[in-house]
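Novice: need a structure here:
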Amino acid sequence: MAKKTPLRKCVGCGEMIAKKELLRIIKTKDNEIKLDPTGKENGRGAYVHMNRECLEKAMKSKGLERSFKMAIRAEIYEQLEKELSEIETKS
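Specialist: Predicted coordinates for the structure are as follows:
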């Protein structure tokens, strides 16, 4: 029997897609929001496509704030954007 591919929903565009193709953002126990490029860190996870458009949609729709049940400051979004652009340039 074929192994099932885990699907996750992008908090930006709402598309269901294979977990491997999405970028995981986590909220740690200390309420810190950060990118989890390995996908294995402890914390509550939310997923977004590896592009700026979906991150911006997630900001506008407050998708991350709903996922983590907390307000997210602008500096955190700026940090996520910076880390995302570094990942985009590598790939």
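Novice: Give the buried residues for the lowest-mean-pLDDT helix or strand in the chain.
Specialist: None of the helices or strands of the chain scores lower by mean pLDDT, DSSP states H and E than helix 74-90, at a mean of 85. For helix 74-90, the neighbour count (16 or more other CB atoms under 10 Å) marks 77, 80, 84 as buried. (Each C-beta comes from the backbone N, C-alpha and C, glycine too.)
Novice: ditto for stretch 11-29
Specialist: 11-13, 22-27.
Novice: For those, work out which two are farthest apart.
Specialist: 13 and 27 (20.6 Å; CB to CB).
Novice: for this protein, which spans come out with low pLDDT?
Specialist: By pLDDT under 70, the weakly predicted segments of the chain are 91.
Novice: Show me where it has its strands.
Specialist: Ranges of strands within the chain are 7-9, 16-18, 22-27, 33-36, 44-49, based on DSSP state E.
Novice: what's the burial count for residue 30?
Specialist: A total of 6 residues lie near residue 30 under the criterion other CB atoms under 10 Å.
Novice: residue contacts, it?
Specialist: Contacts of residue 30 were listed using CB atoms under 8 Å, 6 or more residues apart in numbering, and none were found.
Novice: picking that back up, I'd like the buried residues of helix 74-90 as CSV, with distance to residue 64 appended.
Specialist: Shown next, in CSV, are the buried residues of helix 74-90 (distance: CB to CB, whole Å):
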residue, distance to residue 64
77, 8
80, 9
84, 13
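Novice: I appreciate the help and will end here.
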